[in-house]
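In: Make a model of this:
(chains A and B)
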Amino acid sequence: MKEDTSKEIFNQYYGNSNRFVCVTLKDGRILIGRFIGFFRGDEDQGEHYIFRWHFLEKKLTVFDYDNSIDPEQGIYINQSDIESVTFQ
Amino acid sequence: MAHTSGGIHTKLSTAGVIVTLGIIFGDIGTSPLYVLKAIIGDRPITQELVFGGLSLVFWTLTLQTTFKYIWLTLQADNHGEGGIFSLYTLVRRYKKWLYFPAFVGAGALLADGMITPPISVTSAIEGLRLVVPDIPVIPIVVAIIFGIFAFQRFGTKIVGGAFGPIMLVWFTMLAVLGVSQISHFPEIVKSLSPHYAISLLRNYPGAFWLLGAVFLATTGAEALYSDLGHCGRKNVRVSWAFVKLALFLNYMGQGAWAMNVSSHQLGGLNPFYEIMPHWFLLTGIIIATAATIIASQALISGSFTLISEAVSLNFWPRVTIKFPTDVRGQLYVPSINWLMCIGCIGVVLYFKESSKMESIYGFNITLAMLMTTMLMTYYLRFVKKLSVPVVTAILAVFLTVEVSFFIANIVKLKEAWMFLLIVIGIITTMYLWYRARKILNKLVEFVPIIEHLPQLVDLSKDQSISKYATHLIYLTSANHPRQIERRIIYSIFSRNPKRADIYWLIHIDRTNEPYTMEYTVDEMVNDKIIRVDFRLGFRVEPRVNLLFRKVVEEMVANKELDITSRYESLSKYNLAADFRFVILERFLSVENEFTMKESIVLNTYFFLRNLAQSDSKAFGLDTSDISVEKIPLVITPAASVKLTRRELNTDQNR
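Out: Predicted coordinates for the structure are as follows:
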């Protein structure tokens, strides 16, 4: 298994109340927003601790309320597609 | 009497040994009814065949039963429990594919449950022809088999006590009958020498295929391991010494009779009955019938246990499991019971005679034994820490023996193809269920609960929302105590906000031990949000209503919880508060995009799940206040939709 940074991302960057984070994907795209959910990988099968993230882009939080509970909001990002994560 | 709890005999004692005879040795113990008859068949009776056949039986019993199962495999007990799934739970951490031999072994054992009762009971009842030549065997066998299955719903607590003494009588009868014949032909004792077995295999034409018949002598060995938990290792080992002696005295007695028979062919006679004095025939047949019923009972009980374990390990759709008595481990699975009943009666009606059933018997068991050997290899290497050369040597011996038996039994597939289909069907069901659960687990989105605690507390206090329940309970699959499924959060806040005084989260963790029953309580927010984690063994039924009630009672007793109704009008009468469970049921929505393989697996899973028990019944919540909410399997985030708003054309409204 390649180095699993998902736990580190979870511990450091996850959370609604945190600041916005800047996610750089391996295809060069940059997303700004917040992680609002995650999908656990099957570690028995050699997968990452978290293999997919639910991410709510800042541009989607257009209304003045927290819509992070709504599962139809946001996008999914595979852990394997993430190049780096930093605070905005 | 040496008891643990629930009537289980595990310490060495006379009573324990007798009970073991009734539970463990029914299947292997009734083999003399058909083994020598199957070995000789239509062949001319010669010393080479009889001595060689007996020698093969003796050394097969020694290698397969005594050495592999009694000595080696019984060491692989999982907190006293045996069986292929217990063994699997001991070794599953070492290789991820080990579920496969467990599936194959379990499938083979379940299919075998449809052959053993017909062949055993038919063999016994066919003996009646010696007393009443025109007796209709098939209706009697069908009636007995139907009776056995119809009786399952009541359990065997009352009659079970008689099983051991009856089998003691049976084995004593085998030994006495055997000795009476050996005295007429004492040379038969020489058949214990392996020389005769080797000679037969080397020189007798087509001797290899005789192994298919020889193997029938050891068919109960796998069941012996499955029922370990009911008897205990020491009782099994001590009683085996008696059983093996009785079995072999009888086999040798049959051999001695065959050597003295003047016709040089069996001509349809069964040596088992021929060694009985005529005056004893009816008594002997009655004892034989009782023994075969006990053998069938053991196999049926074993199948129920197997299915129950498969359900707990998420290998099988949830089915109704009942507990007919308070004896630990005694189960009744109606669906499996009646499927097996239909299968057994079908076998009787199709094959009609035990000699024809012999042609299909054995294949499934060789398969199960091979799978046990595979799992045992990992047990010996990684749990017992035996060196690679030692494990390889043991593996080589058993693979040689079992692969030989397997090949010799493959010819039976010509007749037993439908059982192969049953085995494949069971394995496929287990695999699809297992794979689907893996896929589904990956579709569960989690969120840290800590982020929603303030919202939950505020919702609980919000008088503007009518109260949904005083105690609101969700079942969560989140292993981590600080995580929760998004769908639960969504259900509480967004699907008709559910105000409650106390929110409960219940999590069930399955342990590798069979009978663990523990729980922990974590009050995340005092008197507001409580998580209960149950640790249950794979043989424990997750009856959440009972378990949860026990937890609540203990918390009330410890003054950690007040369950007096919080409604003013009811609290003054000291009435208990209301508890409400919310069950979230997933369904396949049209929006899902899966690969072809995933689609097949999931569609089959949901099809099977519709046939299986609902979550509320499976968790024993059907008598509780429950709300079932259906949620799509995958909620795809909405794509950005290009929708253009047009100005209303006022002219059109006129």
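In: who touches B:Leu561 in this structure?
Out: Counting by Cβ atoms under 8 Å, 6 or more residues apart in numbering or on different chains, B:Leu561 makes contact with B:Asp527, B:Val552, B:Met555. All C-beta atoms are positioned from the backbone trio N, CA, C, and that covers glycine.
In: Which of those residues ranks first by neighbour count?
Out: Greatest neighbour count in the contacts of B:Leu561, by other Cβ atoms under 10 Å in any protein chain shown, goes to B:Val552: 20 neighbours.
In: Report whether that one is found in a strand, as I expect.
Out: No - per DSSP: H, G, I helix; E, B strand; the rest coil, B:Val552 lies outside any strand segment and is helix.
In: didn't it look like it was pressed against B:Ile563?
Out: Yes - at 6.3 Å, B:Val552 counts as touching B:Ile563 under the criterion of Cβ atoms under 8 Å.
In: And the next helix or strand past the top helix by length along chain B?
Out: As assigned by DSSP state H, the longest helix anywhere in chain B is helix B:281-312. Moving toward the C-terminus from helix B:281-312, the next helix or strand (DSSP states H and E) is helix B:334-351.
In: helices or strands up against that next one?
Out: helix B:116-126, helix B:137-151, helix B:281-312 (3 or more Cβ pairs under 8 Å, 6 or more residues apart in numbering or on different chains; DSSP states H and E).
In: Name the residues that touch the shortest one?
Out: The list of residues contacting helix B:116-126 from outside it, by Cβ under 8 Å, 6+ apart, reads B:27, B:30, B:33-34, B:137, B:140-141, B:144-145, B:148, B:219, B:270, B:272, B:285, B:288-289, B:291-293, B:295-296, B:299-300, B:344-345, B:347-348, B:351, B:353-354, B:357-358, B:361.
In: Most tightly packed of the helices and strands packed on helix B:334-351?
Out: Highest mean neighbour count of the helices and strands packed on helix B:334-351: helix B:116-126, a mean of 28 (counted as mean count of other Cβ atoms under 10 Å in any protein chain shown).
In: now the strands: where do they sit in the chain?
Out: Picking chain A for this. Taking DSSP state E as the test, the strands found in chain A are A:21-25, A:30-40, A:50-57, A:75-78, A:82-87.
In: wait, chain B
Out: Counting by DSSP E, the strands of chain B are B:445-448, B:467-475, B:483-485, B:499-511, B:517-525, B:529-537, B:579-587, B:626-632.
In: List the buried residues of the longest one.
Out: Going back to what we said before, that points to strand B:499-511. The neighbour-count check on strand B:499-511 (16 or more other Cβ atoms under 10 Å in any protein chain shown) flags B:Arg499, B:Ala500, B:Asp501, B:Ile502, B:Tyr503, B:Trp504, B:Leu505, B:Ile506, B:His507, B:Ile508, B:Arg510, B:Thr511 as buried.
In: That one pairs with which strands?
Out: Sheet partners assigned to strand B:499-511 using DSSP bridges are listed as strand B:467-475 (parallel), strand B:529-537 (parallel).
In: got JSON lines for the ones you listed, with mean pLDDT too?
Out: Shown next, in JSON lines, are those (pLDDT from 0 to 100):
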{"stretch": "strand B:467-475", "mean pLDDT": "92"}
{"stretch": "strand B:529-537", "mean pLDDT": "93"}
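In: got TSV for those strands, with distance to A:Lys7 too?
Out: Output for the strands paired with strand B:499-511, formatted as TSV (distance: least, Cβ to Cβ, whole Å):
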stretch	distance to A:Lys7
strand B:467-475	26
strand B:529-537	22
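In: Need these in CSV (columns: mean neighbour count).
Out: Output for those, formatted as CSV (neighbours: other Cβ atoms under 10 Å in any protein chain shown):
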stretch, mean neighbour count
strand B:467-475, 20
strand B:529-537, 20
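In: Please name the residues that touch the residue in the stretch 201-350 of chain B that chain A sits nearest to.
Out: Residue of the stretch 201-350 of chain B nearest chain A, by Cβ to the nearest Cβ: B:Asn314 (13.2 Å). Applying Cβ under 8 Å, 6+ apart to B:Asn314 gives the contacts B:Trp433, B:Tyr434, B:Arg437.
In: List just the nearest of the residues you listed to B:Thr377.
Out: Closest approach between these and B:Thr377, by Cβ to Cβ: B:Tyr434, at 21.7 Å.
In: Quick check: buried residues in stretch B:30-48?
Out: B:30-40, B:43, B:45.
In: on that earlier part again, can I get the helices and strands packed on helix B:334-351 in TSV with mean pLDDT?
Out: Shown next, in TSV, are those (pLDDT from 0 to 100):
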stretch	mean pLDDT
helix B:116-126	91
helix B:137-151	94
helix B:281-312	90
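In: Can you convert those into JSON lines and add a column each for distance to B:Leu339?
Out: Putting these into JSON lines (distance: least, Cβ to Cβ, whole Å) gives the following:
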{"stretch": "helix B:116-126", "distance to B:Leu339": "13"}
{"stretch": "helix B:137-151", "distance to B:Leu339": "10"}
{"stretch": "helix B:281-312", "distance to B:Leu339": "10"}
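In: Let's have the contacts of B:Leu561 in CSV, adding distance to chain A.
Out: Shown next, in CSV, are the contacts of B:Leu561 (distance: Cβ to the nearest Cβ, whole Å):
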residue, distance to chain A
B:Asp527, 24
B:Val552, 29
B:Met555, 30
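In: Spit out the contact partners of the most centrally placed residue in chain B.
Out: Closest residue to the average C-alpha location of chain B: B:Leu306 at 0.8 Å, with Cα atoms, centre = their mean. For B:Leu306, the contact set (Cβ under 8 Å, 6+ apart) comprises B:Gly83, B:Ile84, B:Phe85, B:Ala106, B:Leu109, B:Leu110, B:Ser226.
In: From B:Tyr379, how far off is it?
Out: Distance, B:Leu306 to B:Tyr379, using Cβ to Cβ, to the nearest Å: 19 Å.
In: And for B:Asp462?
Out: 56 Å.
In: Spatially nearest residue to residue 38, not counting backbone neighbours?
Out: Since no chain was named, I'll use chain A. Leaving aside its chain neighbours, A:Phe38 sits nearest to A:Ile50 (4.5 Å; criterion: Cβ to Cβ, 6 or more residues apart in numbering or on different chains).
In: try again with chain B
Out: Using Cβ to Cβ, 6+ apart and skipping the chain neighbours, the partner closest in space to B:Ala38 is B:Ala213 (3.8 Å).
In: give me the number of residues near the one you found?
Out: A count of neighbours around B:Ala213, defined by other Cβ under 10 Å, yields 25.
In: and it, what does it touch?
Out: Contact analysis of B:Ala213 by Cβ under 8 Å, 6+ apart lists B:Val35, B:Ala38, B:Ile39, B:Gly41, B:Gly53, B:Glu358.
In: Who are the contact partners of the closest residue to the last one other than its chain neighbours?
Out: Pointing back at B:Glu358 there. Among residues not flanking B:Glu358 along the chain, B:Ala38 sits closest, at 4.6 Å (Cβ to Cβ, 6+ apart). Neighbouring residues of B:Ala38 by Cβ under 8 Å, 6+ apart: B:Ala213, B:Leu216, B:Ser355, B:Glu358.
In: how about 7 Å then?
Out: Neighbouring residues of B:Ala38 by Cβ atoms under 7 Å, 6 or more residues apart in numbering or on different chains: B:Ala213, B:Leu216, B:Glu358.
In: residues from chain B in reach of chain A?
Out: By Cβ under 7 Å from any Cβ of the partner chain, the residues of chain B that approach chain A are B:96, B:438, B:442, B:444-447, B:451, B:486, B:489-490, B:493-494, B:635, B:637-638.
In: So the closest residue in space to B:Asp462 that isn't next to it in sequence versus B:Thr116, what's the distance?
Out: In this structure, B:Asp462 finds its nearest non-sequential neighbour in B:Arg499, 6.0 Å apart by Cβ to Cβ, 6+ apart. Going from B:Arg499 to B:Thr116 by Cβ to Cβ gives 57 Å.
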